[in-house]
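Student: I need the structure of the sequence given here:
(one chain, ligands or ions: 2)
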Amino acid sequence: MTFSDFTLLRPRTLPDALEMLEGHHRAHAGEGARATRILAGGTDLLPSMRQKLFEPEHVLDLRRIEDLKGIRETEQGIEIGALTTLHEIEHSELLRAQYPLLVEAAKTVASPVLRNMGTIGGNICLDTRCLWYNQSLAWRKSCSFCIKKDGDLCHVAPGGTKCWAAFSGDTPPALLCLNAEIEIASASGTRRIPLHDFYTGEGDNHRKLQPNELVTRVILPHASAGYRGVYRKLRIRGSIDYPLAGVAVAVKRSNGHIEDLRIAITAVNPAPTLVKGIDSLLNGGTASEQIAESIGELAARTAKPLTTSALTPEYRREMIRVFTKRAVLHLLATDH
Ligand SMILES: Cc1cc2nc3c(=O)[nH]c(=O)nc-3n(C[C@H](O)[C@H](O)[C@H](O)COP(=O)(O)OP(=O)(O)OC[C@H]3O[C@@H](n4cnc5c(N)ncnc54)[C@H](O)[C@@H]3O)c2cc1C
Ligand code: SF4
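Tutor: Ligands and ions are numbered 1, 2, ... in the order given. Sure thing, here's the model as predicted:
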C-alpha cells in the first residue's frame, strides 16, 4: 500500500504551525474534507494514510516544535505537552508519584517501539476504529464503503445513519478519571476545555476540533494528585494491541472511607466515557463485594459495544463488568 501524494510541512515553532494550519484552512474552506492532517508520532496516521483513510494535501509534522514536548509542574497542576511520548509518560517519576493511573494506562499502549514514537496528543486525538473501516481501499470498495469514509451505509447498524466506530485509545479513560483538561490552539488564540467535552460520541466525527486547531497541552489538576488507580484492558495479543474493552478506576480514600471513586471506559463506545451515578451506590463511603458488583453492572450498562471489533459485543460488555468489579475490589483491598 502506497501513500497518495502530499506536501510535508515541518514548522519549527508553534506560531508557524498555527499560521500554516490557518492558511490551508482558509484556502480550502467549504471543501469539507480536511486538507491538512497533523502528524505527531505518526503511529496511527501513517498506516491510515496507506489505507487511504486519509488523503490529505498537506501533512503538518509537529515533531520539531520543542514547545510541545515535556512534562512540567505549574501552579495549576502538571502540564504535559501534546508531543510528549508515551514512553516519557511511562517513565516519569513525577507522574508515577502523583498520577499513577495515567502511567499504568500509558504502559499498556501498543508496544515499547510504538510508545517511543506515539504521543499523548496523538492518543487523545486517535481516530475511531471499526472492522469495516480499518481496511485497505480495495477491501472497503468491495463492500461499497461506509458512512465513515466514502459511503452512505453502516454495516454494523444497517438502516441507521450514525457511525458507531469505537474510540480505542488507552490513556483518555485514565485522563477522564483524573479530570484532565486540554489546551487547544489556533492562530487566533488558545482555549482550555475539560477532556470530557472534547468528544462528540459520533464515530465519524468524534472530536470537537476545528480544521485550524491543534491540541497543545494536557493539564492534570493538583486536586487529582494522589488518587490510586487501576487500568485493565481486553486485547487479543497481550504484547501489542488496541483495547477491545478498557476500564480505568481512580479512588481517593481517607480513614478507610471512600472520598471519591471515578470510573471511565474505552473501546466500547464512539467516545471514552465516564461512568455516572457511582456515588449513589457507595453507601456512605464503605464498600463491599456487593457494591463492587453493582458498580461493575453500572459500568457495563454504560458500555454500548457493537460489532465494530474482533470480539463479540456481549463478551466485551461482560469484560467491562468483570474488570470494573475486580479493579474496585483490588483498590479497596489495601487500606490507605
Ligand atoms: C500495531 C499498533 C498497535 C497499537 N496499539 C494501541 C493501543 O494498544 N492503544 C492505543 O491507545 N493506541 C494504539 N495504537 C495507536 C497509536 O500508536 C497510539 O494511539 C499513539 O498514542 C498515537 O500517537 P501518535 O503521536 O503516533 O499519533 P499520530 O498517528 O501522529 O496521530 C493520530 C491522530 O491524531 C491527530 N493528532 C496527533 N497529534 C495531534 C495534536 N497535537 N492535535 C490535533 N490532532 C493531533 C493526527 O492527525 C491523527 O489523526 C497502536 C498502533 C499500532 C500501529
Ligand atoms: S460503524 Fe458503520 S459507518 Fe462506522 S465505520 Fe463501522 S461500518 Fe462504517
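
Student: residues near residue 261, how many?
Tutor: Number of residues near residue 261 (other C-beta atoms under 10 Å) recorded here: 24. Just so you know, the C-beta spots here come from the backbone N, C-alpha and C atoms, and that holds for glycine as well.

Student: how about the strands in this structure?
Tutor: Ranges of strands in the chain, per DSSP state E, are 7-9, 36-39, 58-61, 71-73, 77-81, 181-186, 189-194, 214-221, 228-234, 245-254, 257-266, 273-274.

Student: now those strands in TSV, with distance to ligand 1 and mean pLDDT?
Tutor: Output for those, formatted as TSV (distance: least, C-beta to the nearest ligand atom, whole Å; pLDDT from 0 to 100):
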stretch	distance to ligand 1	mean pLDDT
strand 7-9	13	97
strand 36-39	4	96
strand 58-61	8	97
strand 71-73	15	97
strand 77-81	9	97
strand 181-186	8	98
strand 189-194	13	98
strand 214-221	4	98
strand 228-234	7	97
strand 245-254	9	95
strand 257-266	8	95
strand 273-274	15	98
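
Student: for those strands, which one sits closest to residue 139?
Tutor: For residue 139, the closest of the strands of the chain is strand 36-39, at 21.5 Å, according to C-beta to C-beta.

Student: Just checking: what are the partner strands of that closest one?
Tutor: According to DSSP bridges, strand 36-39 has the following sheet partners: strand 58-61 (parallel).

Student: what about the stretch 101-250 of the chain, any weak spots by pLDDT?
Tutor: By pLDDT under 70, the stretch 101-250 of the chain contains no weakly predicted segment.

Student: re the thing from before, let me know which of the strands of the chain is tucked in deepest.
Tutor: strand 245-254 (a mean of 25; mean count of other C-beta atoms under 10 Å).

Student: That strand pairs with which strands?
Tutor: Checking strand 245-254 against DSSP bridges gives partners strand 228-234 (antiparallel), strand 257-266 (antiparallel).

Student: Helices of the stretch 51-200 of the chain, residue ranges please.
Tutor: According to DSSP state H, counting those that start in this stretch, the stretch 51-200 of the chain carries its helices in the segments 86-90, 93-98, 100-107, 112-117, 120-125, 137-142, 171-177.

Student: quick one: buried residues of the second one?
Tutor: By that I understand helix 93-98. Neighbour-count burial for helix 93-98 flags 95, 98 (criterion: 16 or more other C-beta atoms under 10 Å).

Student: Just put the strands paired with strand 245-254 in CSV and tack on distance to residue 60.
Tutor: Listed next are the strands paired with strand 245-254 as CSV, based on distance: least, C-beta to C-beta, whole Å:
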stretch, distance to residue 60
strand 228-234, 31
strand 257-266, 27
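
Student: export the ones you listed to JSON lines and tack on distance to ligand 2?
Tutor: JSON lines is the format used below for the strands paired with strand 245-254 (distance: least, C-beta to the nearest ligand atom, whole Å):
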{"stretch": "strand 228-234", "distance to ligand 2": "19"}
{"stretch": "strand 257-266", "distance to ligand 2": "16"}
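
Student: circling back to that earlier point, could you dump the strands of the chain to CSV with distance to residue 319?
Tutor: Below are the strands of the chain laid out as CSV (distance: least, C-beta to C-beta, whole Å):
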stretch, distance to residue 319
strand 7-9, 41
strand 36-39, 33
strand 58-61, 37
strand 71-73, 32
strand 77-81, 29
strand 181-186, 28
strand 189-194, 27
strand 214-221, 27
strand 228-234, 5
strand 245-254, 5
strand 257-266, 10
strand 273-274, 15
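
Student: mind checking which of these is nearest residue 135?
Tutor: The closest of the strands of the chain to residue 135 is strand 36-39. By C-beta to C-beta, the value is 19.0 Å.

Student: from the chain's centre, how far out does the closest one sit?
Tutor: Centroid separation for strand 36-39 versus its chain: 17 Å, with C-alpha atoms, centre = their mean, to the nearest Å.
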